[in-house]
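Asker: have a look at this fold, sequence not included:
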């Protein structure tokens with residue numbers, strides 16, 4: 001048995017959701033796909049998929065084997081790309097999706113730097129404040145902020161996304177400053193449609209978790225809209241630090257709940273398949289990891305004070 005091929009087929013079946021989808025994606029016949037899965041099950045000594053007329057689901061053994069198969073397939077694809085064109089100039093078009101706020105404030109400058117480095121690559125930015133269907137909408141890569149992702153998705157974590165709870169000085173002067181998350185239950189909270197819509201979660205000063213039911217008269221599916229509403233004095237908002245930092249630094253917003261840390265989210269690059277990944281897409285993934293991981297804008301609020309360069313100070317004194 002060609003174990004690599006069997007693993008590729010198994011991963012394709014899981015990602016496509018059916019044997020037929022895997023056959024179409026890999027340009028194989030349905031019987032060949034069925035045989036590859038059966039041979040992999042024989043080699044593993046366990047059934048990997050529950051088959052029914054409507055859907056395929058992973059068995060416990062399949063869930064355990066899937067991550068390892070994906071690693072093997074990704075390694076094989078990387079070796080193939082390196083061997084075929086190690087020095088070739090990158091080319092092709094990439095369809096990249098993200099929310100409007102992410103695209104406008106963070107992603108556009110990074111993409112501009114990437115295409116400047118690789119002029120043969122073009123990037124089609126698809127801004128949507130919803131979860132796009134990668135397959136149906138022909139999206140090569142989607143940037144998502146989430147606490148947890150569907151384990152069946154293929155993703156690379158780009159960086160942590162810290163949040164801050166804040167309100168305008170005028171709102172706090174008229175309503176009072178919350179000191180404990182429980183006080184938010186009585187406040188007008190500006191909520192995001194897809195992130196903490198009805199419950200905000202925190203970690204307390206002692207490390208204990210705390211959750212509070214929230215609600216208010218404004219909700220939106222875009223963080224920039226909630227930022228504008230908070231600045232206008234509409235209520236309390238939980239916002240990504242990367243978006244709220246300028247308004248906080250300018251005094252237009254004030255951070256509340258000192259000592260309470262909002263639930264940490266992650267910034268992920270999500271894609272449909274590792275198989276036959278274009279070199280340009282793989283390069284963009286690596287570029288995003290490099291640029292996002294070292295960006296302090298995604299950190300906590302208030303930001304950590306800068307560490308003075310003692311060597312430079314000593315040189316100046318001399």
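Answerer: Ah, there it is. Treat the numbers as computed from the prediction; the structure is a model and nothing was measured. Residues are numbered from 1 along each chain as shown.

Asker: spell out for me which residue occupies the centre of the protein.
Answerer: residue 268 (2.1 Å; Cα atoms, centre = their mean).

Asker: that one falls within a helix, correct?
Answerer: No: according to DSSP: H, G, I helix; E, B strand; the rest coil, residue 268 belongs to no helix; its state is strand.

Asker: phi, psi for the closest residue to it other than its chain neighbours please.
Answerer: Take residue 268 and drop its neighbours on the chain: the residue closest to it by Cβ to Cβ, 6 or more residues apart in numbering is residue 155, 4.4 Å away. The way it works is simple: take the backbone N, C-alpha and C, and place the C-beta from them, glycine included. For residue 155, the backbone dihedrals (degrees, to the nearest 10) come out as phi -150, psi 150.

Asker: specify the residue ranges that define each domain of the chain.
Answerer: 3-84, 92-159+266-298, 163-263 (automatic domain parsing).

Asker: what would these look like in JSON lines with mean pLDDT?
Answerer: Output for these, formatted as JSON lines (pLDDT from 0 to 100):
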{"stretch": "domain 3-84", "mean pLDDT": "84"}
{"stretch": "domain 92-159+266-298", "mean pLDDT": "87"}
{"stretch": "domain 163-263", "mean pLDDT": "95"}
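
Asker: contacts only, for the residue nearest to the centre of the chain.
Answerer: 143-146, 149, 155-158 (Cβ atoms under 8 Å, 6 or more residues apart in numbering).

Asker: now the residues you listed: which count as buried?
Answerer: Neighbour counting by 16 or more other Cβ atoms under 10 Å classes 143-146, 155, 158 among those as buried.

Asker: so which of those residues are in strands?
Answerer: 143-146, 155, 158 (DSSP state E).

Asker: I'd like the residues you listed as TSV, with distance to residue 240 appended.
Answerer: Below are those laid out as TSV (distance: Cβ to Cβ, whole Å):
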residue	distance to residue 240
143	13
144	13
145	7
146	12
155	18
158	13
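
Asker: out of these, which is nearest to residue 136?
Answerer: Set against residue 136, the nearest of those by Cβ to Cβ is residue 144 (16.5 Å).

Asker: thought the closest one was touching residue 270?
Answerer: Yes: with contacts counted by Cβ atoms under 8 Å, residue 144 reaches residue 270, the gap being 5.5 Å.

Asker: shared neighbours of those two, anything?
Answerer: Counting by Cβ under 8 Å, 6+ apart, the shared contacts of residue 144 and residue 270 are residue 155.
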